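Chemist: this one's sequence-less:
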Ligand SMILES: Nc1nc2c(c(=O)[nH]1)N[C@H]1C(S)=C(S)[C@@H](COP(=O)(O)OP(=O)(O)OC[C@H]3O[C@@H](n4cnc5c(=O)[nH]c(N)nc54)[C@H](O)[C@@H]3O)O[C@H]1N2
Ligand SMILES: Nc1nc2c(c(=O)[nH]1)N[C@H]1C(S)=C(S)[C@@H](COP(=O)(O)OP(=O)(O)OC[C@H]3O[C@@H](n4cnc5c(=O)[nH]c(N)nc54)[C@H](O)[C@@H]3O)O[C@H]1N2
Ligand code: SF4
Ligand SMILES: [Mo]
């Protein structure tokens, strides 16, 4: 028995993209001819990885339990019971592909190719797994396209309106900061490998501010004796706080006038428009005392260098794009970008994504054949799409075939009850390529087995740091599973397509995708660094990619799309400052956050060492809100709004302020007492621009459930 170690990179939709090593044993046959394929016996953090340095996380420490789980889908399955019943029989790949091709051809012949909706996200965010061949295959077919903007896109779309690009600081630059504002991000939970950098900055005297409507585990790190500050605004109101910060910074002469004169556009208009935004007026909206807002503004402008760190928590609001558009104005007022350790650190995905040749993603087939561009549907509206006769868009056909991979939309997309109703339709043919029989897969007509990350080669583009990671297959595909690119090659064959580019193998695809990356080095070392300014200052030279080349306090581009040209607070419709009828019926704001250290979105709750260790789903509320409803800790409550009603045990906590309640996200339907989930209740209104979605602007009512 020989042992080998193989380097790989975590594929999860997580900013950390950790390096790992897999130990495999190879039965070399000891002379007999029955050499078996390698078996993975150990998966550990790679101590040499420049970012993760040997540590993984409570999700992935048991990754091999996932790979070899007895519940893994290992063969193609065909539905034999009603949709959602989970009754399947095993079939061969041949049968599965033949049936899929027949059904897709029939849908295309009857309704047109736009009636086919390919649906995927970043369940495996590696380059091939996330973008390889799917764009080519479904482009060839003429299927509807998908706006994949459920996570992160709106952050970039918001910041671009101010800076012309979504680019920001590398988060490791926070080590140089003296004030670190973690604004709507739960770093210790969601981005744990950044924490040592923050602790290092703190050891060097940096002060920490956490701004979150929940007293998260990150907020627990606040030490008031060291000048740290925890600010707990009402959800969806931060823009008012930013406008008041600008008011104070300008009022007190804390701006960097030279930098503003040289690098910004529209300062006079901005100054005029924030002149009404006194801290007192923002206090009424945010629920934060005026003196706290004032102090935050003064600290931000005077404790230098000051960095703001945010990921995606704040984009999930009706005003999510404006949050980031407004946030990006703050460093321009104080000239923070000019200093190392000053500015905004968000996703750095664009630094590596810019290396990709777009022909890798989608061939120009439409142009070649003179076909019109198919419609694009927004993934966050899946329920609406599946239940509408025109897929909720123009006068196009309803969706009659749904091909899902790399995601679990029934658990993760808002307004889940609408999605469920859509998935139940008899005239919808659903295929799900998955590792497990997820809630979504339970509704499939055909389930196809997917490989895990240790079963195929790939390249991982991180969005939390700059180290592009190589991933080597350590073992053969388990059972009859196949990778996403292999699935698309098989589907192309089954459909009878002959375009050679649909059949490129994985190494050809990687070469096409990354013409400027030294792939030999990437494979040999395991990582290469995406290009980033040596001095750590993305806008150090003061040039911005806006039409004016300056930071745009006023934006003509926003005006052109019917949005306010200046940073503006608009209260979410489904929130305290919005629709008063809705608020009268449903007075509580519901957050559905990532909360469990052992969960990654919906990916681990079903595993025996993950789900049970996190307990069970619950609804969390403040003692005051509980008392008026006569709800004690542990009581059973009904949480409802017009979208759904969810039954849950009550947890009274001090992490929330009155008026705000929370249900953790990530549990599957069968783990909820009544077969619903957090997203049964959530809002699927899209953000003002950017294509994101407003999960977090959700109003509910709660009452005791009497047995
Ligand atoms: N353990 C674990 N880690 C994860 C994940 C996971 O599921 N589990 N998921 C991964 C994924 S896909 C992503 S995108 C990242 C996301 O990483 P983060 O963006 O850090 O995480 P979120 O929980 O989405 O949002 C962060 C915080 O935003 C807060 N928030 C919501 N609305 C507002 C608001 O209006 N104002 C303010 N100030 N704060 C607000 C929430 O209360 C929450 O605590 O995490 C990744 N890491
Ligand atoms: N209420 C609420 N809802 C949320 C959020 C929230 O904070 N609150 N967060 C949102 C965010 S930020 C995100 S990113 C989304 C995530 O939404 P999803 O992407 O739907 O969530 P995951 O749980 O990451 O789903 C990944 C699925 O992909 C499968 N998978 C993994 N690798 C592969 C592969 O190589 N091939 C195939 N075919 N399948 C694979 C896994 O088995 C898993 O079932 O959820 C969003 N939904
Ligand atoms: S899920 Fe995130 S923290 Fe955990 S191993 Fe993967 S990249 Fe690292
Ligand atoms: Mo995400």
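Modeler: Yep, it's here. From a predicted model like this one, the values you see are computed outputs, not experimental measurements. Ligands and ions are numbered 1, 2, ... in the order given.

Chemist: going forward, measure contacts and count neighbours with C-alpha atoms only.
Modeler: OK.

Chemist: ok, residues contacting stretch 181-195?
Modeler: By C-alpha atoms under 8 Å, 6 or more residues apart in numbering, the list of residues contacting stretch 181-195 from outside reads 14-16, 51-52, 171-172, 208-212, 216-219, 306-314, 464, 594-597.

Chemist: residue in the stretch 451-600 of the chain nearest to ligand 1?
Modeler: Closest residue of the stretch 451-600 of the chain to ligand 1, C-alpha to the nearest ligand atom: residue 600 (3.5 Å).

Chemist: same question, the stretch 301-450 of the chain
Modeler: Residue of the stretch 301-450 of the chain nearest ligand 1, by C-alpha to the nearest ligand atom: residue 313 (3.1 Å).

Chemist: Name all residues that make contact with that residue.
Modeler: The contact partners of residue 313, taken as C-alpha under 8 Å, 6+ apart, are 184-185.

Chemist: how about stretch 143-162, does it reach ligand 2?
Modeler: Yes: legend: contact between stretch 143-162 and ligand 2 by C-alpha under 6 Å from any ligand atom is shown at residue 151.

Chemist: which residue sits closest to residue 387, ignoring its sequence neighbours?
Modeler: Among residues not flanking residue 387 along the chain, residue 422 sits closest, at 5.0 Å (C-alpha to C-alpha, 6 or more residues apart in numbering).

Chemist: circling back: so the residue of the stretch 451-600 of the chain closest to ligand 1 sits against residue 57, correct?
Modeler: No: using C-alpha atoms under 8 Å, residue 600 is not in contact with residue 57, being 10.4 Å away.

Chemist: Looking at those two, which is more packed in?
Modeler: A count of neighbours by other C-alpha atoms under 10 Å puts residue 600 above the other of residue 600 and residue 57, at 21 against 16.

Chemist: Distance check, that one against ligand 3.
Modeler: Distance of residue 600 to ligand 3, computed by C-alpha to the nearest ligand atom, to the nearest Å: 7 Å.

Chemist: which residue sits closest to whichever residue of the stretch 351-500 of the chain sits closest to ligand 3 in space, ignoring its chain neighbours?
Modeler: Taking C-alpha to the nearest ligand atom as the measure, the stretch 351-500 of the chain has residue 462 as its residue closest to ligand 3, at 8.6 Å. Using C-alpha to C-alpha, 6+ apart and skipping residues adjacent in sequence, the residue nearest residue 462 is residue 17, 5.5 Å away.

Chemist: For that neighbour, the count of nearby residues, please.
Modeler: Counted with other C-alpha under 10 Å, the neighbours of residue 17 add up to 28.

Chemist: just residue 613 next, same as before
Modeler: Close neighbours of residue 613, defined as other C-alpha under 10 Å, add up to 13.

Chemist: Kindly report the same for residue 701.
Modeler: 18.

Chemist: In contact with it, which residues?
Modeler: Each residue near residue 701 by C-alpha under 8 Å, 6+ apart is listed here: 585-588, 639-641.

Chemist: can you confirm it is in a strand?
Modeler: Yes: residue state for residue 701 (DSSP: H, G, I helix; E, B strand; the rest coil) corresponds to a strand.

Chemist: Look up which residues are beta-bridged to it.
Modeler: Counting by DSSP bridges, residue 701 is bridged to residue 640.

Chemist: tell me the SS of residue 138?
Modeler: Criterion first, three-state DSSP; result for residue 138: helix.

Chemist: Helix or strand: which one has residue 631?
Modeler: Using DSSP states H and E, residue 631 is not contained in any helix or strand.

Chemist: That one: neighbour count?
Modeler: As a burial measure, residue 631 scores 23 neighbours (other C-alpha under 10 Å).

Chemist: Run a quick neighbour tally on the closest residue to residue 456 other than its chain neighbours.
Modeler: Using C-alpha to C-alpha, 6+ apart and skipping the chain neighbours, the partner closest in space to residue 456 is residue 473 (4.2 Å). Neighbours of residue 473 under the rule other C-alpha under 10 Å: 18.

Chemist: residues contacting the spatially closest residue to residue 144 that is not a sequence neighbour?
Modeler: Closest residue to residue 144 apart from its sequence neighbours, by C-alpha to C-alpha, 6+ apart: residue 114 at 4.5 Å. Shown in contact with residue 114 (C-alpha under 8 Å, 6+ apart): 108, 142-144, 374-375, 396-397, 399.

Chemist: Just the buried ones from these?
Modeler: 108, 142-144, 374, 396-397, 399 (16 or more other C-alpha atoms under 10 Å).

Chemist: List the beta-bridge partners for residue 8.
Modeler: Note on residue 8: beta-bridge partners by DSSP bridges are residue 20.

Chemist: Now the phi/psi pair for the residue nearest to residue 462, please.
Modeler: Main-chain dihedrals, residue 17, degrees, to the nearest 10: phi 40, psi 60.

Chemist: quick one, what contacts it?
Modeler: Contacts for residue 17 were tallied using C-alpha under 8 Å, 6+ apart; they are 9-11, 52, 460-464, 469.

Chemist: any idea which helix is longest in this structure?
Modeler: helix 93-111 (DSSP state H).

Chemist: So which bits of that one are buried?
Modeler: Applying a neighbour-count criterion of 16+ other C-alpha under 10 Å, one finds 93, 96-97, 99-101, 103-105, 107-108, 111 buried in helix 93-111.

Chemist: What about ligand 2: which of those residues touch it?
Modeler: Okay, of those, nothing touches ligand 2 (C-alpha under 6 Å from any ligand atom).

Chemist: Of these, which is the nearest to ligand 3?
Modeler: Taking C-alpha to the nearest ligand atom as the measure, residue 93 is the one of these closest to ligand 3, at 30.5 Å.

Chemist: I'd say that closest one and residue 76 touch.
Modeler: Yes: the pair residue 93 and residue 76 qualifies as a contact (C-alpha under 8 Å) at a distance of 6.0 Å.

Chemist: For residue 15, see how far away the residue of the stretch 451-600 of the chain closest to ligand 1 is.
Modeler: Using C-alpha to C-alpha, to the nearest Å, residue 600 is found at 11 Å from residue 15.

Chemist: Just give the nearest non-adjacent residue to the residue nearest the centre of the chain, would you?
Modeler: Central residue of the chain (C-alpha atoms, centre = their mean): residue 151, 3.3 Å from the mean position. Excluding its sequence neighbours, the residue lying closest to residue 151 (C-alpha to C-alpha, 6+ apart) is residue 312, at 6.6 Å.

Chemist: quick one, what contacts that neighbour?
Modeler: So residue 312 contacts 151-152, 155, 184-185 (C-alpha under 8 Å, 6+ apart).

Chemist: thought the residue nearest to residue 456 was touching residue 454?
Modeler: Yes: using C-alpha under 8 Å, residue 473 is in contact with residue 454, at 5.0 Å.

Chemist: intersection of neighbour lists for those two?
Modeler: residue 8.

Chemist: Kindly write the ChimeraX command that selects the buried subset of the contacts of residue 701.
Modeler: With 16+ other C-alpha under 10 Å as the criterion, this ChimeraX line picks the buried residues out of those:
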select :586,587,588,639,640,641
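
Chemist: Could you dump the contacts of residue 701 into CSV and include pLDDT?
Modeler: What follows is the contacts of residue 701, written out as CSV (pLDDT from 0 to 100):
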residue, pLDDT
585, 97
586, 98
587, 97
588, 98
639, 98
640, 98
641, 98
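
Chemist: of all the contacts of residue 701, which comes closest to residue 386?
Modeler: Distance to residue 386 across these (C-alpha to C-alpha) is lowest for residue 641, with 21.1 Å.

Chemist: what's the neighbour count on the closest residue to that closest one other than its chain neighbours?
Modeler: Nearest residue to residue 641, sequence neighbours excluded (C-alpha to C-alpha, 6+ apart): residue 700, at 5.0 Å. Neighbour count for residue 700, taken as other C-alpha under 10 Å: 25.

Chemist: Same question for residue 498.
Modeler: By the criterion of other C-alpha under 10 Å, residue 498 has 10 neighbours.

Chemist: And the strands in the stretch 601-707 of the chain?
Modeler: Secondary structure of the stretch 601-707 of the chain (DSSP state E, counting those that start in this stretch): strands at 619-621, 636-640, 645-652, 660-662, 698-704.
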